[in-house]
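Peer 1: need a structure here:
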Amino acid sequence: MNDNEKALDYVLGDTLPQPGRAVTVAPGIKWLRMALPFALDHVNIWLLRDETVDSQGQRVQGWTVVDCCIDKPEPRAQWQTVFVRELEGLPIIRVLVTHMHPDHVGLAHWLCARWQAPLYMSATDYYTARLGVQQAISGAGGQAAADFFASHGLTDPLALRQISQRTDYYRQLVPAVPDQFRRLMDGQSLALGQGPNRTPWHLVSGFGHAPEHIALHAPARGILIAGDMVLPRISTNVSVYDNDPESDALGLFLESIDKFKPLPADTLVLPSHGKPFKGLHTRIEQLHAHHRDRLAEVLAACRRQPQSAADVLKVLFSRALDAHQVTFAMGESIAHLNWLMHRGQVRRQRDAEGVHRFSA
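Peer 2: Predicted coordinates:
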């Protein structure tokens, strides 16, 4: 446990769900944890005991699923176990996805078809996911992504080749997206739960990490399903990619997490990675402090000499990066440089080789 984590309250201690099984975190809310084949090796999924009304006006008891995992045989097998052991003989009646990244939306098409359940998602992320299953999209790879990172100083031929050839990355993890969805928007309320636990959940949009991330807050229950916007152990990846090269992604992210400041200090946070915790206000300030420190280090480097985003990698990341991680690291490096540029603290120029370099 790092120093930042020691300031948080992990309400369930070291308890973790076992594969295919759930842990109850609050009445009517179960926690699933599914493995991912990446450095970030798991994603949390939430099962909410729920009820809805069918087309004949009959009440239907069941579960709302929040997020799904990637579409691979292992998660499908875990879900089959969940169907038998954790659903208490009830169907899945809604599939709600916080955002379009593969570990969140990958199996939505399968779950929706298996249970004839509607998909709930923001429009921006829904259509971005639909685009992703049709062609290479920003951040997932392809020649445009490789050229963009090369223009920001990435010269490693192996990394560039792997990025340029990774045109099917998204489709391999998200082979399909349902043809229909129900739109989630900032400021809306969605009634979720069953019996005495049925209550409005307020939708809160977030930007910088995904096109239009949706978190859910239940004031009456003191619970926030934070998705990837507030994670307890790591800082959410915030990146700039080729299709929005001037983006102030970091500025958008920091503004977005501040939307959670009015929530009570004892709010139970259910994150997409890591363990449930209390200490939301503390964690928001930790994230701000983390990025303030990184920005100060990047600015200091730009004062010493002009820096490309590839140069800044060694400032932001002390560990060795594999080709998969380089994509996200380059996006995050550009995000920090763009933040400084948008606020007039650095200027950007292209050198004789066509590489963007930033100087104070």
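Peer 1: where does this protein have low pLDDT?
Peer 2: When residues are selected by pLDDT under 70, those of the chain lie in 136-140.
Peer 1: Strands of that one, start to end?
Peer 2: For the chain, the strands defined by DSSP state E cover 23-26, 29-35, 42-53, 59-66, 92-96, 119-122, 182-184, 189-192, 199-206, 213-218, 223-227, 268-271, 347-350, 356-359.
Peer 1: What helices and strands are in contact with the first one?
Peer 2: This points to strand 23-26. Using 3 or more C-beta pairs under 8 Å, 6 or more residues apart in numbering; DSSP states H and E as the contact criterion, the elements in contact with strand 23-26 are strand 29-35, strand 268-271. In this view, the C-beta of every residue, glycine as well, is placed from N, C-alpha and C.
Peer 1: which other helices and strands contact the last one?
Peer 2: Based on contacts counted as 3+ C-beta pairs under 8 Å, 6+ apart, the elements that strand 268-271 packs against are strand 23-26, strand 42-53, strand 223-227.
Peer 1: and of the strands of the chain, who's closest to L299?
Peer 2: Using C-beta to C-beta as the measure, strand 356-359 is the one of the strands of the chain that comes nearest L299, at 9.3 Å.
Peer 1: Please name whichever of the helices and strands packed on strand 23-26 is nearest to D168.
Peer 2: Proximity to D168 (C-beta to C-beta) singles out strand 29-35 among these, at 21.6 Å.
Peer 1: Using PDB, write out every CA atom in the closest one.
Peer 2: C-alpha atoms of strand 29-35 as PDB (Å, rounded to 0.1, in the frame of the first residue of the first chain):
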ATOM      1  CA  ILE A  29     -25.100  -4.400  -4.900                       C
ATOM      2  CA  LYS A  30     -22.600  -7.100  -5.800                       C
ATOM      3  CA  TRP A  31     -18.900  -6.700  -6.800                       C
ATOM      4  CA  LEU A  32     -17.400  -8.800  -9.600                       C
ATOM      5  CA  ARG A  33     -13.700  -8.600 -10.600                       C
ATOM      6  CA  MET A  34     -12.600 -10.000 -13.900                       C
ATOM      7  CA  ALA A  35      -9.100 -10.500 -15.200                       C
END
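Peer 1: Can you list the strands that it pairs with?
Peer 2: Strand pairing for strand 29-35, determined by DSSP bridges: strand 23-26 (antiparallel), strand 42-53 (antiparallel).
Peer 1: Give me the contact list for the first one.
Peer 2: Pointing back at strand 23-26 there. For strand 23-26, the surrounding residues in contact (C-beta atoms under 8 Å, 6 or more residues apart in numbering) are V11, L12, T15, L16, P17, K30, W31, R221, I223, L268, L270, P276.
Peer 1: What is the most widely separated pair among those?
Peer 2: The distance between the two most remote of the contacts of strand 23-26 (C-beta to C-beta) is 22.6 Å, for L16 and R221.
Peer 1: right, so the helices and strands packed on strand 268-271: which one is the most enclosed?
Peer 2: Highest mean neighbour count of the helices and strands packed on strand 268-271: strand 223-227, a mean of 26 (counted as mean count of other C-beta atoms under 10 Å).
Peer 1: So in that sheet, which strands flank that strand, and in what orientation?
Peer 2: Looking at strand 223-227 with DSSP bridges, its partner strands are strand 213-218 (antiparallel), strand 268-271 (parallel).
Peer 1: what would the helices and strands packed on strand 268-271 look like in TSV with distance to V177?
Peer 2: Listed next are these as TSV, based on distance: least, C-beta to C-beta, whole Å:
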stretch	distance to V177
strand 23-26	28
strand 42-53	17
strand 223-227	18
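Peer 1: so which of these comes closest to G187?
Peer 2: Relative to G187, the nearest member of these by C-beta to C-beta is strand 223-227, separated by 15.6 Å.
Peer 1: Tell me which residues touch the residue nearest the centre of the chain, please.
Peer 2: Nearest to the mean C-alpha position of the chain, by C-alpha atoms, centre = their mean, lies D228 at 3.7 Å. Contacts were defined as C-beta under 8 Å, 6+ apart; by that measure D228 touches T98, H99, H101, H104, H209, A210, H213, T236, P271, S272, H273.
Peer 1: Excluding covalently adjacent residues, which one is nearest to the third one?
Peer 2: Excluding its sequence neighbours, the residue lying closest to H101 (C-beta to C-beta, 6 or more residues apart in numbering) is A210, at 6.2 Å.
Peer 1: And the first one, by the same measure?
Peer 2: Leaving aside its sequence neighbours, T98 sits nearest to G227 (C-beta to C-beta, 6+ apart; 3.5 Å).
Peer 1: That neighbour contacts D103, correct?
Peer 2: No. Between G227 and D103 there is no contact, the gap being 10.9 Å when judged by C-beta atoms under 8 Å.
Peer 1: residues bridging contact with the two, i.e. touching both?
Peer 2: With contacts defined as C-beta under 8 Å, 6+ apart, the residues shared by G227 and D103 are D67, S272.
Peer 1: picking up where we left off before, make JSON lines out of the contacts of strand 23-26 and add distance to G193.
Peer 2: As requested, the contacts of strand 23-26 are exported to JSON lines (distance: C-beta to C-beta, whole Å):
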{"residue": "V11", "distance to G193": "20"}
{"residue": "L12", "distance to G193": "20"}
{"residue": "T15", "distance to G193": "23"}
{"residue": "L16", "distance to G193": "25"}
{"residue": "P17", "distance to G193": "21"}
{"residue": "K30", "distance to G193": "13"}
{"residue": "W31", "distance to G193": "16"}
{"residue": "R221", "distance to G193": "8"}
{"residue": "I223", "distance to G193": "10"}
{"residue": "L268", "distance to G193": "15"}
{"residue": "L270", "distance to G193": "14"}
{"residue": "P276", "distance to G193": "18"}
